[in-house]
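**Q** sequence-free structure coming up:
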């Protein structure tokens, strides 16, 4: 995982620079999607070098899966950076950009829920009796997901025009903005820190959610699917509702703060929730879903405020912030897992059935602390939206 995150982080910077130099968002998006599809198929297809070399040693397997994970993340970086940059080049209107971002987040939730639907169908059609049967089930889930994803990528490329990143509103040609232009802006560091903390909240909580539900709360096996599904559904609903709001800098800060405060309360609840009251996790998951949507949509939209009309440097902003996201999340999970392997249970209170494991700290304390710092940084921002008037000319060619 750490190899993949590092490769993803470095690739986002490289891809962002190339997009700013040459444009062509759709070409980068399509190429990245092809790399993702091929590498992901290879990961679930088994250890290909092991079969070629006729050896299944742990060293060869580790190198094989790490390589394909790195290739996958390079493709994902190209897809993610190009798609995020397109939002800023499609429109300069602040509210429209937030609407596109919330729509993007809503369909991310749809994709996550669709994966559950695919898994449910595969598990129902194919009954697993051996280890090989279980591997085949997950292989079919992966292949069907890749096929459906490729279909939607095709629809996206056929139905979306290439936005103009090099041409301004009045047809003026702009050169690529230097990196130092962004590094001299205080807002760049503030937005970067808020985005990094928001991604830490989402990724760390997602990584430990199933382990917390099963190992710490000892809930039914179905809960490790039901709890995330509730989070995704709530995030989807909130993301859709956010599209109906007229946005400006102050509202972005207010809604982000609301989401951060919600996560702080959820973190405290997760940290102190005993096994005897495990059903309350379903209620907590509703508020986690709401908080995730509020924080994600507003944090990404702050990037649009930072970029403004400087479209010829937007890919670097998206890439550099994604770089910080990937590296920090990879390191955070690596550190937490190192403690997990050495000491799965830090402390326990047998009278209340509350066990303070690394999983509980990872899901409760880390996201709550990141939310607290994120809210504090947001309060210091000066977000101006001088381009709030509707555009008279579209930016799509």
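**A** In hand now; what should we look at? Keep in mind that this is a model prediction, so the values were computed, not measured. Numbers count the residues shown, from 1 in each chain.
**Q** what residues are up against residue 133?
**A** Residue 133 makes contacts with 126-127, as judged by CB atoms under 8 Å, 6 or more residues apart in numbering. Where C-beta positions appear, they are placed from N, C-alpha and C, glycine not excepted.
**Q** how close does it get to residue 126?
**A** Distance, residue 133 to residue 126, by CB to CB, to the nearest Å: 7 Å.
**Q** so where's the stretch 151-300 of the chain uncertain?
**A** Scanning the stretch 151-300 of the chain with the threshold set as pLDDT under 70 gives 164-175.
**Q** count of neighbours near residue 274?
**A** Residues near residue 274, counting by other CB atoms under 10 Å, number 15.
**Q** got it, and the one 10 residues further on?
**A** Residues within reach of residue 284, counting by other CB under 10 Å, total 19.
**Q** go on, residue 260?
**A** 29.
**Q** For it, which residues are in contact?
**A** 291, 295, 371-372, 374-375, 378.
**Q** Does residue 270 touch residue 366 like I think?
**A** No - when contacts are counted by CB atoms under 8 Å, residue 270 is not listed as touching residue 366 (10.4 Å).
**Q** More neighbours: which of these two?
**A** When neighbours are counted by other CB under 10 Å, residue 270 and residue 366 differ, and residue 270 comes out ahead with 28 against 18.
**Q** what helix or strand is that one on?
**A** Using DSSP states H and E, the element containing residue 270 is helix 249-272.
**Q** The very next helix or strand once past that helix packs against which elements?
**A** Later in the chain than helix 249-272, the nearest helix or strand by DSSP H and E is helix 280-307. Here helix 280-307 touches helix 58-90, helix 94-125, helix 186-211, helix 223-242, helix 249-272, helix 314-342, helix 366-379, going by 3 or more CB pairs under 8 Å, 6 or more residues apart in numbering; DSSP states H and E.
**Q** Adding distance to residue 152, write these out as a markdown table.
**A** Putting the helices and strands packed on helix 280-307 into a markdown table (distance: least, CB to CB, whole Å) gives the following:
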| stretch | distance to residue 152 |
| --- | --- |
| helix 58-90 | 12 |
| helix 94-125 | 8 |
| helix 186-211 | 22 |
| helix 223-242 | 16 |
| helix 249-272 | 28 |
| helix 314-342 | 21 |
| helix 366-379 | 30 |
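**Q** so who does residue 201 touch?
**A** 263, 292, 295, 366-367, 370-371, 374.
**Q** repeat that for 7 Å
**A** The neighbours of residue 201, taking CB atoms under 7 Å, 6 or more residues apart in numbering as the test, are 263, 295, 367, 370-371.
**Q** Between those, which sits nearest residue 65?
**A** Checking these against residue 65 by CB to CB gives residue 367 as the nearest, at 27.9 Å.
**Q** Relative to residue 335, how far out is that closest one?
**A** In this view, residue 367 and residue 335 are 15 Å apart by CB to CB.
**Q** ditto for residue 274
**A** Distance of residue 274 to residue 335, given as CB to CB: 27 Å.
**Q** same question, residue 227
**A** Distance from residue 227 to residue 335, by CB to CB: 25 Å.
**Q** Could you check which of these two is surrounded by more residues?
**A** Per other CB under 10 Å, whichever of residue 227 and residue 335 has more neighbours is residue 227, with 21 against 12.
**Q** Wait, that one touches residue 280, no?
**A** No - counting by CB atoms under 7 Å, residue 227 does not reach residue 280; the two are 11.4 Å apart.
**Q** any idea which helix or strand carries residue 31?
**A** helix 25-44.
**Q** which residues are contacting that helix?
**A** Residues contacting helix 25-44 (CB under 7 Å, 6+ apart): 15, 19, 48, 65, 68-69, 71-72, 74-76, 78-79, 82-83, 85-86, 138-139, 142-143, 146, 150, 153, 157, 162-163.
**Q** Can you turn the buried part of these into a ChimeraX selection?
**A** Applied in ChimeraX, the following selects the buried portion of the contacts of helix 25-44 according to 16 or more other CB atoms under 10 Å:
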select :15,19,65,68,69,71,72,74,75,76,78,79,82,83,85,86,142,143,146,153,163
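**Q** Sort out which residues of stretch 91-110 are buried, please.
**A** Neighbour-count burial for stretch 91-110, counted by 16+ other CB under 10 Å, picks out 91-106, 109.
**Q** thinking again about what came up before, list the buried residues in the helix holding residue 270.
**A** For helix 249-272, the neighbour count (16+ other CB under 10 Å) marks 249, 251-253, 255-260, 262-264, 266-267, 269-270 as buried.
**Q** tell me the angle it makes with helix 223-242.
**A** Put simply, helix 249-272 runs at 160 degrees to helix 223-242, going by axes from the mean of the first three to the mean of the last three CA atoms, to 10 degrees.
**Q** tell me how far helix 249-272 is from the chain's mean position?
**A** Between the centre of helix 249-272 and the centre of its chain there are 18 Å (CA atoms, centre = their mean, to the nearest Å).
**Q** what angle do that helix and helix 94-125 make?
**A** For helix 249-272 against helix 94-125, the angle by the same axes, to 10 degrees is 30 degrees.
**Q** quick check: angle from helix 249-272 to helix 280-307?
**A** Using the same axes, to 10 degrees, helix 249-272 lies at 150 degrees relative to helix 280-307.
**Q** on that earlier part again, pick the one among the contacts of residue 201 closest to residue 120.
**A** Minimum distance to residue 120 across these is 28.0 Å, recorded for residue 367 (CB to CB).
**Q** thinking the closest one is in contact with residue 204, fair?
**A** Yes - if you go by CB under 7 Å, residue 367 and residue 204 touch, sitting 6.1 Å apart.
**Q** and the two? which has more neighbours close in?
**A** Each of residue 367 and residue 204 has its neighbours counted (other CB under 10 Å); residue 367 has more, 30 against 21.
**Q** How about the contacts made by that one?
**A** Residue 367 touches 201, 204-205, 263, 267, counting by CB under 7 Å, 6+ apart.
**Q** what do you get for residue 291?
**A** Contacts of residue 291 by CB under 7 Å, 6+ apart are 259, 262-263, 266.
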